[in-house]
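Coordinates for the following, if possible.
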Amino acid sequence: MKILIVDDSKEIRDRVLRLVVANGAFTEILQAENLREAKSIVADKLPEVLLLDIQLPDGTAFDILDSIDRKNYSPLIVILTNYNLASYREEAAEKGASYFFDKSTEFLDLRNMLQSLKN
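This next block holds a predicted model:
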């Protein structure tokens, strides 16, 4: 299973990367730090899991989700953000996100969700 980690913070990407590597369920771990890179990787690699930060330097996770042709590609969408706002949660759900985690308080929940993908 392929996963794409999209976050403009290298520290956060590295922290998530440690969780993903320890998980062992992923055969390919891809990373992007901005919208442009993320869209390119999604189009080329079609990762089964998209782990997305909302705010990116050149757009948002919602821009990535809007660019996906859902008829031919349906990844598991996970939002990991510092912007734990009801409006963002609602928009994420409307755009197909299965999970929405707050970076500052729900990293353990993210780890548990990733662990559930192994089963």
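
All the strands of this protein, residue numbers only.
2-6, 28-32, 49-52, 55-56, 59-60, 76-81, 99-102 (DSSP state E).

Could I get those in CSV, plus columns for distance to Glu91 and mean pLDDT?
(C-beta placed from N, C-alpha, C; glycine too.) Formatted as CSV, the strands of the chain follow (distance: least, CB to CB, whole Å; pLDDT from 0 to 100):
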stretch, distance to Glu91, mean pLDDT
strand 2-6, 16, 98
strand 28-32, 20, 98
strand 49-52, 12, 98
strand 55-56, 13, 96
strand 59-60, 9, 97
strand 76-81, 10, 97
strand 99-102, 10, 97
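
Of those strands, flag the one that's most buried.
Of all the strands of the chain, strand 49-52 carries the top mean neighbour count, a mean of 25, counting by mean count of other CB atoms under 10 Å.

Pairing partners for it, with directions?
Take DSSP bridges as the rule and strand 49-52 pairs in its sheet with strand 2-6 (parallel), strand 76-81 (parallel).

The first one to strand 28-32, inter-axis angle?
The reference is to strand 2-6. Per axes from the mean of the first three to the mean of the last three CA atoms, to 10 degrees, the angle that strand 2-6 makes with strand 28-32 is 20 degrees.

what does strand 2-6 rub up against?
The contact list for strand 2-6, computed with CB atoms under 8 Å, 6 or more residues apart in numbering, reads 13, 16-17, 20, 26-33, 37-38, 41-42, 45-53, 56, 61, 64.
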